[in-house]
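K.L.:
structure of the sequence below:
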Amino acid sequence: MTRARRLTVAVLLVIFGATLTGVFLTRGVMEYLPFLQAKKGNWTGEYVSHGIVDQRPWQTASTLAAMAQSAEEREFAREAERLADHEVDQAFSQSLRQAGLEKPKLNDRAQALQKRVTELQATVKSDQARIAVLTKDAETTADASKSNELDVAKAQLGLDQNQLTDTIADLSRESGDQRVKIQEELTAREAVMKKYDDSVSKNDGQTAVTSAGQYTTFAQQISAWWSHRNRRQLIAQAGQLAAADVAALTDDQARMKTETAVIASAPTASLSSSERVEWLHQLAEQQNIQSILNDRLGSQQQLVALYGRWGKQIEIQDKILIHLMLKSFALITAIGLLTLLAGWLLQVALENFFRDRRQKQTLKIVLNLGAQVVGFLLVLLVVFGVPQQMPTILGLATAGLTVVFQDFILAFCGWFVLMGPNGVRVHDWVEIDGVGGEVVELGLFRTWLLETGNWTANGHPTGRRVSFLNGYAIRGKYFNFSTVGQWMWDEIKINIPAGTDIHPLIEKIYQASVKATEADAKMAQEEWKRVTHEEGSPQFSAMPSVNLRPAGAGIDIVVRYITRAGVRLGTRNQLFATVIELMQGESKGDAKEDTAKSNPQLAQKAE
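P.N.:
Below you'll find the predicted structure:
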């Protein structure tokens, strides 16, 4: 491993370790409701709305309602929202009443604001009385001045009311009175609830069995089961929160009963009439608050029971999903068994049809691999289902298969070309990609040749069986010597010793070559004329030629001639025999001439 590669691996390991550490440290962010934080099962009391009134029951119910899936869960969700909404409304009412019972101590600035509030309240009452008088006068008389005075009085009333509202708010902040803040929170909640009621869906959804039926793949079933597990944990946490609220409200109820008993047992004989009225008002408020507490306690207890039933409903849906997962797993197991059995049966059938050991071994490997691939694809369909973008996937698969099997596609198309008039047939002599031979088999995808030697050499078969994909017919990398264009130039070479009179021999060899190849030369010229579409005689000739070339031991006579590929060897042997006869006749003539010169009587007797 090079230094750069080692450095890259080290950096990647550091990044991987850092990310795993981050995942471990942030592992709890998705385990609880988004508005709650729990540690070791104890609620911390932190929630989204940090206002005066606790709105956690509604936040819990609305969040869980968004997770409901089946019709049964939606029914539980609506009931939980109704109870939580009622409980929060009662909490606002209780908070307002308790804030009204509190008598905060006023400092100098608060007392000045209280005095200013009293003055503004009197001014507002005066403005309202004046408007009433002016309205009556404007109705009885048609004086325009009265109408103008009425408009001015109404504008003045609006200004005084705004000042009163601002002063009351300043007094509340200065004195610590919570009623204004509680009222603001209540107004904001009412606006949110109005939007929520407008946007909430009224669809009841499907029943648990029907809803679970939509998870047709093993992966979807596992994902849904995991989602149910997380939702069941959240509902259990919501039930714990409601139970904690029940305990807190029970303590508040006991405390309110004690306070109410103390107020009721207070002596009233020595109280003045105004003090007695205030005492009765305080006692009535305490009883109202106690009644609200009882209502809130009942709502929270119903929420605890409701969350329990909701959790049991999810357990039922989990059992349905487990049933579906077991069916999917059984199907995957069946596919695996069938794949193994199919491979075994194909191997058994293979033993009866093929005898060659190597061929059987190859086919066994192919069949096993094919069966495993088919089984794997079926398992993928069970686990993940049919892909959603099926046309796109089919297009990409087709393009990939086209690239992979392009040679076989060209071979199949090339077969039709080879079946045409300019194709090849069995027993034709052809040359494909530089390899020559006789066609011994022509299949749908391949052509088999019995290879021969070089055409300019002896042309004898080598015994090798060579195959070519038929795509060569489209690429144009073949030549057929047995159809149009079957002609080829061949040559023979004869060595003549030095001192021999070669001119008569050359003339005889040329005449013999012309006579032996006359028919082929004529046919070749006619064919060339037809192929080149020429009129008259072609510009090139098929007549043989005899050439002289110097050699170390004498002179070489090279005879070039046209012949057909199929009769090439026969033509060559015929020419060799003719040349040998001519050379032998020439040798006999020379011998007679030498004998006549040396012994005329013997020559005459021989004649």
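
K.L.:
got the contact list for the nearest residue to Trp310 once chain neighbours are set aside?
P.N.:
Nearest residue to Trp310 in three dimensions, chain neighbours excluded: Phe76, at 4.2 Å (Cβ to Cβ, 6 or more residues apart in numbering). Every residue, glycine included, has its C-beta placed from N, CA and C. By Cβ atoms under 8 Å, 6 or more residues apart in numbering, Phe76 lies in contact with Ala68, Leu306, Arg309, Trp310, Gln313.

K.L.:
surely the first one meets Arg74?
P.N.:
Yes - with contacts defined as Cβ atoms under 8 Å, Ala68 counts as touching Arg74 at a distance of 4.8 Å.

K.L.:
and the residue nearest to Trp310, helix, strand or coil?
P.N.:
The three-state label given to Phe76 by DSSP: H, G, I helix; E, B strand; the rest coil is helix.

K.L.:
what about Arg425, which SS state?
P.N.:
Arg425 ends up coil, using three-state DSSP.

K.L.:
again with Phe479
P.N.:
Per three-state DSSP, Phe479 ends up strand.

K.L.:
run through the bridge partners of Trp489.
P.N.:
Trp489 forms beta bridges with Ile562, as assigned by DSSP bridges.

K.L.:
do the one 4 residues further on as well
P.N.:
Beta bridges link Lys493 to Val558 when assigned by DSSP bridges.

K.L.:
list the contacts of it.
P.N.:
Lys493 touches Asp556, Ile557, Val558, Val559, counting by Cβ under 8 Å, 6+ apart.

K.L.:
out of these, grab the one that's most surrounded.
P.N.:
The most crowded member of the contacts of Lys493 is Val559, carrying 24 neighbours; neighbours defined as other Cβ atoms under 10 Å.

K.L.:
what segments of the stretch 201-350 of the chain are helices?
P.N.:
For the stretch 201-350 of the chain, the helices defined by DSSP state H, counting those that start in this stretch occupy 208-212, 218-264, 273-353.

K.L.:
the stretch 451-600 of the chain now?
P.N.:
Going by DSSP H, counting those that start in this stretch, the stretch 451-600 of the chain shows helices at 472-475, 503-532, 568-598, 600-606.

K.L.:
which of the ones you listed comes out lowest on mean pLDDT?
P.N.:
If you rank the helices of the stretch 451-600 of the chain by mean pLDDT, helix 600-606 sits at the bottom with a mean of 47.

K.L.:
quick revisit: in JSON lines: the contacts of Lys493, plus distance to Leu20 and pLDDT.
P.N.:
Output for the contacts of Lys493, formatted as JSON lines (distance: Cβ to Cβ, whole Å; pLDDT from 0 to 100):
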{"residue": "Asp556", "distance to Leu20": "86", "pLDDT": "82"}
{"residue": "Ile557", "distance to Leu20": "90", "pLDDT": "83"}
{"residue": "Val558", "distance to Leu20": "84", "pLDDT": "86"}
{"residue": "Val559", "distance to Leu20": "87", "pLDDT": "86"}
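
K.L.:
most widely separated two among those?
P.N.:
Asp556 and Val559 (10.3 Å; Cβ to Cβ).

K.L.:
overlap of the contact sets of those two?
P.N.:
What both Asp556 and Val559 touch, as defined by Cβ under 8 Å, 6+ apart, is the set Lys493, Ile494.

K.L.:
follow-up on the earlier one: who wins on neighbours among the contacts of Phe76?
P.N.:
In the contacts of Phe76, the most neighbours by other Cβ under 10 Å go to Trp310, 25 neighbours.

K.L.:
so what's that residue up against?
P.N.:
Per Cβ under 8 Å, 6+ apart, neighbours of Trp310: Leu64, Glu73, Phe76, Ala77, Ala80, Ile235.

K.L.:
excluding residues flanking it in the chain, which one is nearest the second one?
P.N.:
In this case it means Glu73. According to Cβ to Cβ, 6+ apart, the nearest residue to Glu73 is Gln313 (6.1 Å).

K.L.:
so which of the contacts of Lys493 comes closest to Leu321?
P.N.:
Val558 (92.1 Å).

K.L.:
surely that closest one meets Ala551?
P.N.:
No - look at Val558 against Ala551 with Cβ under 8 Å: they stay out of range, at 10.5 Å.

K.L.:
re earlier: out of the helices of the stretch 201-350 of the chain, which is closest to Arg56?
P.N.:
helix 218-264 (6.6 Å).

K.L.:
state the mean pLDDT of the closest one.
P.N.:
Per-region confidence: helix 218-264 scores 84 on mean pLDDT.

K.L.:
gap between Arg189 and Asp245?
P.N.:
Separation of Arg189 from Asp245 (Cβ to Cβ, to the nearest Å) stands at 18 Å.

K.L.:
tell me, how many residues neighbour the residue lying closest to Glu149 once chain neighbours are set aside?
P.N.:
Once flanking residues are discounted, Glu149 sits nearest to Leu134: 5.5 Å by Cβ to Cβ, 6+ apart. Close neighbours of Leu134, defined as other Cβ under 10 Å, add up to 19.

K.L.:
what's the strand or helix carrying Leu134 packed up against?
P.N.:
Taking DSSP states H and E as the criterion, Leu134 maps to helix 108-140. Identification of packing neighbours for helix 108-140 by 3 or more Cβ pairs under 8 Å, 6 or more residues apart in numbering; DSSP states H and E yields helix 144-175.

K.L.:
tell me the helix or strand right after the helix it packs on.
P.N.:
Assigned by DSSP H and E, the successor of helix 144-175 is helix 179-199.
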